[in-house]
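**Q** any chance you can model this:
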Amino acid sequence: MRETPQLSSLQSHSGDTNLDEATKSTLESLKKDRVLLSHFFKGLETGSFVPLSTQEIQHLVETIHLGFEPLIPLPEQEKTLLKEYLVHHLSYALNRETYQQLCGVIYRIQDPLFPERSTLVVTNPEEQSGGLIPLSLREKVKFLDPTLWNQTHLKKGNSTKVGLSGYGQRHLKDYGFPDYAWKNLLDETRNATKRETLTVLDVGCGVGMALDDMKRIDSSTETHGLTVDQEPSMFPVDFYHYAAAEYVPQDFKERFDIIVSNMSFRYHLFPHISLQNMVLSLSVGGTAQLAISYDNGPYGEPFTSYFTDKFPGINPHYAHYEASAICVKQEFGKINTLVEQGKLLLVVSASFYEHGCQGYIEIKKLQPITQEEL
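**A** Residues are numbered from 1 along each chain as shown. Predicted coordinates for the structure are as follows:
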């Protein structure tokens, strides 16, 4: 879609006339791996950020997020709505102002109280003071290390500092799993699945911080992250899957021994379909621990009209929320039938049903389940 800049261009724009091989190699590797952010890396090289157009983002969604046979096919209307939702989200996520600022002239200020942390300052040349020296391309690339990326803030003028990361990142302990609890879950799942090497999926994994913790705790774990977008800096994970939880690949079926999701469901367009996908993706003997909510879904058109047409009488100001509550409640009716049949075990948090099927759940899969049962 976009031409890869030549190194001569890279050198002339960055001021690094002797850019080291390690930096060149890092940039080339990132461009291949972060296909959703090729425009950002081009901006780093040239010093000028060009946002992706709506048409370019639509193409990315069609080829990457929806360009495969799904585990659960969506009707055309729902697939079109999901596409629009993804395009709307990625139009912001892939064109964040932070990316534009990082591609331009920035300076570094080290925090004297926390030497490991840095603040990057965006300023105009006439505002330079204190002998600040602009960061070279080589130095900018160093901040793409995941640990530095998540400890660094960006400040423009007198504005409040913002983190480089586009959203909150959480360690595994923030999911409710201190190391000992995660080890216990691994042991229980190995006993139930009779597998020594376990495959884990984090739904809404962000930059893979929790998955990195899982690998640290048990290096034999095969880690998978499901997310709709990318960041310039992401933790090493065995497999990233760039897709919506409502539209996952067919090969997810019974693939994962453990599935976790912390804060992802609240952003899903069709959380009941996401839940179906997770049940089908779970291996026999596997466990899913999910946080279910839907308090941050889409507002406005065309989403309001879709949900109010499907469910006449719901409040149009809370159309997604109320429609999700209806659909998820219906889904748990089917799940409880499977529990009665001995195919699933289900544990829900206190007042889960009173809160409209929102809270924390644990599902253990005892027998294979078909899509028709959900």
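**Q** just the helices in the stretch 251-374 of the chain please.
**A** Using DSSP state H, counting those that start in this stretch, the helices of the stretch 251-374 of the chain run over 271-281, 303-310, 319-340.
**Q** number of nearby residues for residue 315?
**A** 9 (other CB atoms under 10 Å). All C-beta spots, glycine's among them, are computed from the backbone N, C-alpha and C.
**Q** do the same with residue 180
**A** 9.
**Q** pLDDT wise, what is it at?
**A** Looking at residue 180, its pLDDT is 97.
**Q** and it, what element?
**A** helix 179-193 (DSSP states H and E).
**Q** what residues sit buried inside that helix?
**A** 182, 185, 186, 189, 192, 193 (16 or more other CB atoms under 10 Å).
**Q** got it, and stretch 67-82?
**A** Buried residues in stretch 67-82 (16+ other CB under 10 Å): 70, 71, 72, 74, 78, 81, 82.
**Q** endpoints of that stretch, how far apart?
**A** Terminal residues of stretch 67-82 are spaced 13 Å apart (CA to CA, to the nearest Å).
**Q** before we move on, what about stretch 265-272?
**A** Span of stretch 265-272 from end to end, CA to CA: 9 Å.
**Q** that stretch: how far from the chain's middle?
**A** From the chain centre to the centre of stretch 265-272 is a distance of 13 Å (CA atoms, centre = their mean, to the nearest Å).
**Q** re the thing from before, nearest to residue 255, of the buried residues of helix 179-193?
**A** residue 193 (11.9 Å; CB to CB).
**Q** nearest residue to the closest one other than its sequence neighbours?
**A** Leaving aside its chain neighbours, residue 193 sits nearest to residue 285 (3.7 Å; criterion: CB to CB, 6 or more residues apart in numbering).
**Q** contacts only, for the one you found.
**A** 189, 192, 193, 194, 257, 364, 365, 366 (CB atoms under 8 Å, 6 or more residues apart in numbering).
**Q** thought the first one was touching residue 286?
**A** Yes. With the criterion set as CB atoms under 8 Å, residue 189 and residue 286 qualify as a contacting pair; they are 6.5 Å apart.
**Q** joint contacts of these two?
**A** 257, 258.
**Q** what are the ranges of the strands in this structure?
**A** Shown for the chain, the strands assigned by DSSP state E span residues 106-110, 118-122, 152-156, 162-163, 199-203, 222-227, 239-242, 256-261, 282-292, 344-348, 359-365.
**Q** quick one: closest of these to residue 44.
**A** That would be strand 106-110 among the strands of the chain, by CB to CB, at 11.0 Å.
**Q** pull the residues that contact that closest one.
**A** In contact with strand 106-110 (CB under 8 Å, 6+ apart) are residues 117-123, 128, 132-135, 139-140, 154.
**Q** please indicate which of those residues are buried?
**A** Using 16+ other CB under 10 Å, the buried members of the contacts of strand 106-110 are 118, 120, 121, 122, 123, 135, 140, 154.
**Q** residue contacts, the last one?
**A** Taking CB under 8 Å, 6+ apart as the definition of contact, the neighbours of residue 154 are 98, 101, 102, 106, 119, 120, 121, 122, 161, 162, 163, 164.
**Q** can you give the domain ranges for this structure?
**A** For the chain, automatic domain parsing gives the domain ranges 1-165, 172-373.
**Q** could you identify which of those domains is most buried?
**A** Among these, domain 172-373 has the highest mean neighbour count (mean count of other CB atoms under 10 Å), at a mean of 18.
**Q** what's the offset of that domain from the middle of its chain?
**A** Worked out by CA atoms, centre = their mean, domain 172-373 lies 13 Å from the chain centre.
**Q** before we move on, what about stretch 98-106?
**A** 22 Å.
**Q** show the average pLDDT along that stretch.
**A** On average, stretch 98-106 scores 91.
**Q** stretch 191-211 now?
**A** 96.
**Q** can you dump the C-alpha coordinates of it into PDB?
**A** Output of stretch 191-211 as PDB, limited to C-alpha atoms (Å, rounded to 0.1, in the frame of the first residue of the first chain):
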ATOM      1  CA  ASN A 191      -4.400 -32.700  34.900                       C
ATOM      2  CA  ALA A 192      -7.800 -32.100  33.100                       C
ATOM      3  CA  THR A 193      -6.400 -32.000  29.500                       C
ATOM      4  CA  LYS A 194      -3.600 -34.500  30.000                       C
ATOM      5  CA  ARG A 195      -1.300 -32.100  28.100                       C
ATOM      6  CA  GLU A 196       2.000 -31.000  29.400                       C
ATOM      7  CA  THR A 197       2.400 -28.100  27.000                       C
ATOM      8  CA  LEU A 198      -0.600 -25.700  27.300                       C
ATOM      9  CA  THR A 199      -1.900 -23.200  24.800                       C
ATOM     10  CA  VAL A 200      -3.200 -20.000  26.300                       C
ATOM     11  CA  LEU A 201      -5.300 -17.200  24.600                       C
ATOM     12  CA  ASP A 202      -5.600 -13.700  26.000                       C
ATOM     13  CA  VAL A 203      -8.700 -12.000  24.500                       C
ATOM     14  CA  GLY A 204      -8.000  -8.200  24.200                       C
ATOM     15  CA  CYS A 205      -4.300  -8.700  25.000                       C
ATOM     16  CA  GLY A 206      -3.100  -5.200  24.200                       C
ATOM     17  CA  VAL A 207       0.700  -5.200  23.900                       C
ATOM     18  CA  GLY A 208       1.000  -8.700  25.400                       C
ATOM     19  CA  MET A 209       2.100  -7.700  28.900                       C
ATOM     20  CA  ALA A 210       0.100 -10.400  30.700                       C
ATOM     21  CA  LEU A 211       1.200 -13.000  28.100                       C
END
